[in-house]
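**Student:** Just need the structure, nothing else, for what follows:
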Amino acid sequence: MNQPGESGNLLNRVRREMRLRHMSIRTEVAYLRWMTEYLYFHKKQRGVWIHPAEMGSAEVNEYLTYLAVDRHVAASTQNQALSAILFLYKKILKVEVELNAQRAKRSEHLPVVLSVDEVRKVLCGIPEGSYRVMAGMMYGAGMRLMEVCRLRVKDVDFDRKQMTVRDGKGEKDRAVPLPEKLIPHLKRQFHFVSQLHANDLAAGAGWVWLPYAMAEKDASAGRQLAWQYVFPAKHLSRDPRPREADGDLRSQSIHFRRHHIHDSSVQKAVTDGVRRAGVNKRASCHSLRHSFATHLLEEGKDPGAPGHDTRITRPCRRKYDHDLYPRQHAWRDRSSQSARSDVKRV
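**Tutor:** Numbers count the residues shown, from 1 in each chain. The predicted structure is shown next:
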């Protein structure tokens with residue numbers, strides 16, 4: 001590889017393969033960045049561009065060791081780089097790689113958990129509006145940041161007081177409770193979304209990104225209110241991966257869509273709320289989700305008990321030992337004793 005253009009052609013092959021596999025845009029961006037850094041690293045070492053097919057296990061291990069020893073990256077960062085490079089070699093170049101690089105040490109960190117009073121102060125520290133509602137959903141329903149951002153109108157059921165998370169972690173759907181205190185705020189948000197969508201339609205826009213082949217199955221769904229995001233972005237943006245197949249939809253106007261609010265703006269709002277609340281903890285959006293799970297456990301609501309989603313509380317429960325939650329374990333002991341006594345009675 002003597003020219004950067006050859007690297008670009010290779011990365012285009014990678015990009016196409018990832019899109020065929022329906023990998024997320026975030027994974028695509030991260031993988032391409034690591035592959036580019038991998039190529040630049042060896043270009044800097046040797047002074048010329050080298051095609052990855054001309055390199056192998058030795059070069060991969062050299063780069064991974066460089067990340068751990070010289071750049072002192074976290075284990076998760078090194079693992080992400082490894083996943084990107086393995087995708088390049090195994091899925092694109094069809095080459096096996098033997099790993100014997102020095103690995104970054106994986107740290108064991110307890111998550112930051114806020115008390116009920118601290119959560120209240122943080123929420124009050126966020127200005128009224130979309131950001132406060134989103135933070136309330138992360139705490140009140142145990143949702144992840146991107147799950148809140150990607151929530152669509154059709155997935156909120158006010159009558160059943162339930163929301164549906166689509167394509168969550170592991171591409172799994174799940175139902176989460178809709179906090180009653182947030183219902184009036186969400187209804188106002190729905191009214192805002194409806195007006196905004198009507199204005200977009202009047203301007204000839206109104207499109208929203210649709211998952212997988214939905215655009216081919218129902219070309220008009222992209223302009224329906226039900227598919228709009230509950231928390232839309234302020235401005236229209238160009239879609240880097242348009243997939244509509246209808247002939248009328250191939251104009252440049254279809255590439256501009258009303259995407260959801262950017263996650264970084266929500267993170268900044270929550271961080272500012274923590275600062276205004278005077279909470280001296282390194283709290284973030286995910287801390288609200290951890291606090292939700294922790295408070296359930298502290299109240300003796302076991303993840304395995306009926307009515308609770310084990311996929312929400314299990315990740316948090318694994319991070320704590322028995323001594324931190326005596327009430328929760330006492331609940332399990334009482335349940336076990338009750339079950340044993342029922343067996344004896346039978």
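**Student:** Just the element for the residue nearest the centre of the chain, please.
**Tutor:** Centroid check for the chain by Cα atoms, centre = their mean gives M146 as the closest residue, at 4.4 Å. Counting by DSSP states H and E, the element that carries M146 is helix 145-149.
**Student:** now the strands for this structure?
**Tutor:** Ranges of strands in the chain, per DSSP state E, are 156-157, 162-165, 174-177, 237-238, 256-257.
**Student:** So for Y229, which of the ones you listed sits nearest?
**Tutor:** Checking the strands of the chain against Y229 by Cβ to Cβ gives strand 256-257 as the closest, at 9.9 Å. To be clear about C-beta, it is placed using only N, CA and C from the backbone, and glycine gets the same treatment.
**Student:** Identify, by residue count, the longest helix of this structure.
**Tutor:** Of all segments of type helix in the chain, defined using DSSP state H, the longest is helix 25-46.
**Student:** export it as PDB, just CAs?
**Tutor:** Coordinates of the C-alpha atoms in helix 25-46 are reproduced here as PDB (Å, rounded to 0.1, in the frame of the first residue of the first chain):
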ATOM      1  CA  ILE A  25     -23.400   3.800  13.000                       C
ATOM      2  CA  ARG A  26     -21.500   4.200  16.300                       C
ATOM      3  CA  THR A  27     -19.700   0.900  15.900                       C
ATOM      4  CA  GLU A  28     -19.000   1.700  12.300                       C
ATOM      5  CA  VAL A  29     -17.300   5.000  13.200                       C
ATOM      6  CA  ALA A  30     -15.400   3.500  16.100                       C
ATOM      7  CA  TYR A  31     -14.100   0.500  14.100                       C
ATOM      8  CA  LEU A  32     -13.000   2.700  11.200                       C
ATOM      9  CA  ARG A  33     -11.200   5.000  13.500                       C
ATOM     10  CA  TRP A  34      -9.200   2.200  15.100                       C
ATOM     11  CA  MET A  35      -8.400   0.600  11.700                       C
ATOM     12  CA  THR A  36      -7.100   4.000  10.500                       C
ATOM     13  CA  GLU A  37      -5.000   4.400  13.600                       C
ATOM     14  CA  TYR A  38      -3.600   0.900  13.200                       C
ATOM     15  CA  LEU A  39      -2.500   1.700   9.600                       C
ATOM     16  CA  TYR A  40      -1.100   5.100  10.600                       C
ATOM     17  CA  PHE A  41       0.900   3.500  13.500                       C
ATOM     18  CA  HIS A  42       2.700   1.100  11.200                       C
ATOM     19  CA  LYS A  43       3.100   3.800   8.500                       C
ATOM     20  CA  LYS A  44       4.900   5.900  11.100                       C
ATOM     21  CA  GLN A  45       7.000   2.900  12.200                       C
ATOM     22  CA  ARG A  46       8.200   2.000   8.600                       C
END
